[in-house]
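Asks: Please work out how this folds:
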Amino acid sequence: MKPIAISDHKLIKKYLDGDHSSLEKLINRYKNRIYAYIVVFVKDKQLADDIFQDTFVKAINKMNSGSYKEEGKFIQWIMRIAHNLIIDHFRRIRRIPIFENKNSEFDIFDLVFETDPSVEDKMIIDQIHKDIRKLIEYLPDEQKEVLMLRYYSGMSFKDIAESTDVSINTALGRMRYALINLRKLVEEKEMILSL
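Replies: Presented below is the predicted three-dimensional model:
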């Protein structure tokens, strides 16, 4: 008779209660899947080994510090950690400094360019887009609306002004403040929005 598998949640709880063999069971349950995911992107066994190890070290540290919240499945959580470490690796090897332009005409969307990206570039660009969308949610509604209409709907400022029933200058001003506020949020959260 096949033994009944203990749930991830119970294994984590047992580990946090001091049963280190529970952590080993959890790692063994998912190690092949996580390792395969990492290898697909980095295409280097030694690097994959390092990222794989870092993934579990980071997961263990988060669990030990009480940062792990049972919001979904453990595998999704740990795969997200692996994914973020892969992105961090690709950003680090490019050695591009954080953009520190104090020009008020800075446009955060100039950092996202269109070319034929590699798999690594595509992962980083996808993450940048997700990060920008999260930051946009912090903007006041009027600024968010103008920004979304301009960048995600491709509308001209004339069309934006007409559809929001404001002057072109007001639409331009809202866009300017939206970009200034996005830049401040990027700096506050110490985000890297470049390849």
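
Asks: Just to check, Leu182 is in contact with Leu135?
Replies: Yes. Using CB atoms under 8 Å, Leu182 is in contact with Leu135, at 5.7 Å. The C-beta positions use only the backbone N, C-alpha and C, and glycine is treated the same way.

Asks: For the helix or strand of the chain with the lowest mean pLDDT, name the packing helices and strands.
Replies: Within the chain, no helix or strand scores below helix 119-136, which has a mean of 79 by mean pLDDT, DSSP states H and E. Contact here means 3 or more CB pairs under 8 Å, 6 or more residues apart in numbering; DSSP states H and E; on that basis helix 119-136 packs against helix 20-42, helix 74-94, helix 168-188.

Asks: please redo it, this time with the cut-off set to 10 Å
Replies: Here helix 119-136 touches helix 20-42, helix 74-94, helix 141-147, helix 168-188, going by 3 or more CB pairs under 10 Å, 6 or more residues apart in numbering; DSSP states H and E.

Asks: Between helix 74-94 and it, find me the angle.
Replies: 110 degrees (axes from the mean of the first three to the mean of the last three CA atoms, to 10 degrees).

Asks: centroid residue for this protein?
Replies: Gln127 (4.6 Å; CA atoms, centre = their mean).

Asks: And for it, nearest residue in space, chain neighbours not counted?
Replies: Ile87 (5.2 Å; CB to CB, 6 or more residues apart in numbering).

Asks: so the one you found makes contact with Ile38?
Replies: No. Ile87 is beyond contact range of Ile38, at 11.7 Å (criterion: CB atoms under 10 Å).

Asks: Of the two, which one has the most company?
Replies: The neighbour comparison of Ile87 against Ile38 (other CB atoms under 10 Å) goes to Ile38, with 25 against 18.
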